[in-house]
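Enquirer: when you get a sec, could you give me coordinates for this:
(chains A and B)
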Amino acid sequence: AQSVTQPDIHITVSEGASLELRCNYSYGATPYLFWYVQSPGQGLQLLLKYFSGDTLVQGIKGFEAEFKRSQSSFNLRKPSVHWSDAAEYFCAVGARGGADGLTFGKGTHLIIQP
Amino acid sequence: NAGVTQTPKFQVLKTGQSMTLQCAQDMNHEYMSWYRQDPGMGLRLIHYSVGAGITDQGEVPNGYNVSRSTTEDFPLRLLSAAPSQTSVYFCASSYSPASGRWNEQFFGPGTRLTVL
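Expert: Numbers count the residues shown, from 1 in each chain, chains lettered A, B, ... in the order given. The predicted structure is shown next:
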């Protein structure tokens, strides 16, 4: 069965600093990988996705992620965070083209210091 | 397009009551799923469907029933609510046959359920 691990429950970053959120997955075939963001009391918004091809994917709001098959990782990065980036971030992996849903990590709560 | 819609937004139930959470999508998506979100647990898959008349269990199906009579609708039923079912519920859909390929899951706004 597939699984997703987000090792950091909370991360605190100063505004303007760079950010990296870690995600490791376990899956037996080619994974479909996603990063979602959730602001308090809100639904989920897709930041970016990886299906195949170029291992560095660009997303919305200045985020990018790099797929590293050898490390089973799909880390999310942003060169300079803004206070509005404070939110909960979820990494997810899909199987069988998504027919049987996604498996999510437990999330990383991002806190931005002024 | 309205996307994925869920009703109600909020609901309070007493233990033992039943109710149906509604989910509808207007994107002609074949795949639909229900998740629950609990603090510190991320989202966990309850049930999913790959098309009308076809449903299957996810990671946490106990206490929930689903059916898929149309492509558009995928209701989630709680037959006898328990406090452990207090959660935020999200419906999602993906895969348009017209595109011939799967894309990301589109999520509804969620239903916040409290069982007393």
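Enquirer: centroid-nearest residue for chain A?
Expert: residue A:35 (3.4 Å; Cα atoms, centre = their mean).
Enquirer: and chain B, by the same measure?
Expert: residue B:34 (2.9 Å).
Enquirer: that residue: what's it in contact with?
Expert: Going by Cβ atoms under 8 Å, 6 or more residues apart in numbering or on different chains, residue B:34 touches B:21, B:23, B:45-48, B:58, B:64, B:66, B:74, B:76, B:89-92. (Each C-beta comes from the backbone N, C-alpha and C, glycine too.)
Enquirer: and chain A, which of those residues reach it?
Expert: B:45, B:48, B:58, B:90, B:92 (Cβ under 8 Å from any Cβ of the partner chain).
Enquirer: before we move on, the earlier item: please identify the helix or strand for the residue nearest to the centre of chain A.
Expert: Here residue A:35, judged by DSSP states H and E, is contained in strand A:32-38.
Enquirer: could you say what helices and strands that strand packs with?
Expert: Counting contacts by 3 or more Cβ pairs under 8 Å, 6 or more residues apart in numbering or on different chains; DSSP states H and E, strand A:32-38 packs against strand A:45-50, strand A:64-68, strand A:73-78, strand A:87-94.
Enquirer: before we move on, which element is the residue nearest to the centre of chain B in?
Expert: strand B:31-38.
Enquirer: so in that sheet, which strands flank that strand, and in what orientation?
Expert: strand B:42-51 (antiparallel), strand B:87-94 (antiparallel) (DSSP bridges).
Enquirer: most packed of these?
Expert: For the strands paired with strand B:31-38, average neighbour numbers computed from mean count of other Cβ atoms under 10 Å in any protein chain shown are highest in strand B:87-94, which has a mean of 24.
Enquirer: off-centre distance for that one?
Expert: 5 Å (Cα atoms, centre = their mean, to the nearest Å).
Enquirer: contacts for it?
Expert: In this structure, residues lying in contact with strand B:87-94 by Cβ under 8 Å, 6+ apart are A:43-44, A:98, A:101-102, B:4, B:6, B:21, B:23, B:25, B:27, B:29, B:31-38, B:43, B:46, B:74, B:76, B:102-108, B:110-113.
Enquirer: please list the residues of chain A that sit near chain B.
Expert: Of all the residues in chain A, those lying near chain B are A:4, A:9, A:32, A:34, A:36, A:42-44, A:46, A:49, A:90, A:92, A:94, A:97-107, going by Cβ under 8 Å from any Cβ.
Enquirer: roughly how far does residue A:111 sit from chain B?
Expert: 16 Å (Cβ to the nearest Cβ, to the nearest Å).
Enquirer: surely that residue touches residue A:13?
Expert: Yes: using Cβ atoms under 8 Å, residue A:111 is in contact with residue A:13, at 7.4 Å.
Enquirer: so what sits opposite residue B:31 in the bridge?
Expert: With DSSP bridges as the rule, residue B:31 is bridged to residue B:94.
Enquirer: distance of it relative to residue B:5?
Expert: For residue B:31, the distance to residue B:5 equals 17 Å [Cβ to Cβ, to the nearest Å].
Enquirer: looking at these two, which one has more neighbours?
Expert: More crowded of residue B:31 and residue B:5, by other Cβ atoms under 10 Å in any protein chain shown: residue B:31, with 24 against 14.
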